[in-house]
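Chemist: Got a predicted structure plus its sequence, pasted below:
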Number of protein chains: 2
Amino acid sequence: MSNSDDLPFEITLKVRDTCLCLHVRRAARTLARRFDEALRPLDLTSGQFSLMMSLNRPEPPTIGSVSALLAMDRTTLTANLKPLERRGLVKVMVDEADKRSRRMALTPAGRALLAAAYPRWERTQAEIERLVIQSDSTRPDSTRAGADAFRINLRALS
Amino acid sequence: MSNSDDLPFEITLKVRDTCLCLHVRRAARTLARRFDEALRPLDLTSGQFSLMMSLNRPEPPTIGSVSALLAMDRTTLTANLKPLERRGLVKVMVDEADKRSRRMALTPAGRALLAAAYPRWERTQAEIERLVIQSDSTRPDSTRAGADAFRINLRALS
DNA sequence: GTCCATTATGTTGATATCAACCCTCCTTGT
DNA sequence: ACAAGGAGGGTTGATATCAACATAATGGAC
């Protein structure tokens, strides 16, 4: 069955306890589920909310710039646009100054839906932030320093 | 174009800077890509590595227990098993004591591949851990305390 | 002006993720 | 026994994610 080439169980325990990829992805799945649930009444996912929020700006951004902002593959963003376009929430247009580029913009319906989603985001975010603060027993005095340090750590990995 | 019901740009900037769901998912995508790259010579993804590592234990676990460990939907785990089963790395069997349950186990080929993947994980993990430590300027004295606090934060969200 | 390397994006195929729905098996109350 | 409720999993359909390949437009070198 098992032989000396197998990975010892102790190694497995170490990987489970320390692997940053596993820890971050676990948290990502859990958070996504929680925000998905909060936004479900609006038929929006957490990813769609983040994407639409990225488009709420004066000048419509390009595919490449937003995919860099969200740290996702360019082609993933292309795919994620499809359902939003189909629902008339987002519009994609060729950039006349550089015809290779596409510019994405929220439609009026998209802006309205985003505004309706914001209070739900705010409520959920406050709940989550509390979990981060409570978990940080090494910073007993700080209300926000722990959450800010956590975000700094996350940004260093992005 | 825009009206008073629209979300102000300042709100968008606040969400971008603080949204924990966005920050964690960004980091998750980036880390997954990085570990995927490290494991590509073995034709393993980071998720497959984590799953196989979860199965490297004396007693074969059930679907439900592993999906809880990985904080993923039960049905996602079922789907993730398919390519590993097809490659003969994992075996799924009905639990004779409770015929509703399935028990997953690595095959000899699976154990060998996992052992071959471990050094690549270790190297990549060390690189990533360094990024976490370096980013934590509020803990100048600590080499690992920052990374440990980071993991505690992550676990609180899982 | 023409060629060519680069840039920005789309397409396809495979895996990942989850909700909704369905089935089977176990357990408990009677 | 046995019927009802619950627990453990699978399937389907939609979206998410990325690598590999392909296309079109730009910008320089000459």
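Modeler: Good, I have the coordinates.

Chemist: now the helices: where do they sit in chain A?
Modeler: A:9-18, A:20-39, A:46-55, A:63-69, A:74-86, A:108-135, A:145-157 (DSSP state H).

Chemist: Would you mind listing what in chain A touches DNA strand C?
Modeler: A:25, A:29, A:32-33, A:36-37, A:62-65, A:74-75, A:78-79, A:92, A:98, A:100-102 (Cβ under 7 Å from any atom of the strand). Bear in mind the C-beta positions are built from the backbone N, C-alpha and C, glycine included.

Chemist: Please indicate which of those residues are buried?
Modeler: Among the residues of chain A next to DNA strand C, those classed as buried by 16 or more other Cβ atoms under 10 Å in any protein chain shown are A:25, A:29, A:32, A:36, A:63, A:102.

Chemist: contacting residues around the residue nearest to A:V90 when sequence neighbours are not counted?
Modeler: Counting by Cβ to Cβ, 6 or more residues apart in numbering or on different chains, A:V90 lies nearest to A:L84, which is 4.2 Å off, once chain neighbours are set aside. A:L84 makes contact with A:48, A:51-52, A:90, A:110, according to Cβ atoms under 8 Å, 6 or more residues apart in numbering or on different chains.

Chemist: which one of these sits closest to B:R120?
Modeler: For the contacts of A:L84, the minimum distance to B:R120 (Cβ to Cβ) is 32.4 Å, reached by A:L51.

Chemist: Return the residues in contact with that closest one.
Modeler: Per Cβ under 8 Å, 6+ apart, neighbours of A:L51: A:66, A:70, A:77, A:80-81, A:84.

Chemist: Quick check, pLDDT for the residue nearest to A:V90.
Modeler: Confidence at A:L84, expressed as pLDDT, is 97.

Chemist: what does A:C21 give?
Modeler: We have a pLDDT of 97 for A:C21.

Chemist: Distance of it relative to B:L154?
Modeler: Here A:C21 is placed at a distance of 11 Å from B:L154 (Cβ to Cβ, to the nearest Å).

Chemist: right, and the helices of chain A - which one's nearest B:I11?
Modeler: helix A:108-135 (6.6 Å).

Chemist: Off-centre distance for that closest one?
Modeler: Computed by Cα atoms, centre = their mean, to the nearest Å, the chain-centroid distance of helix A:108-135 equals 12 Å.
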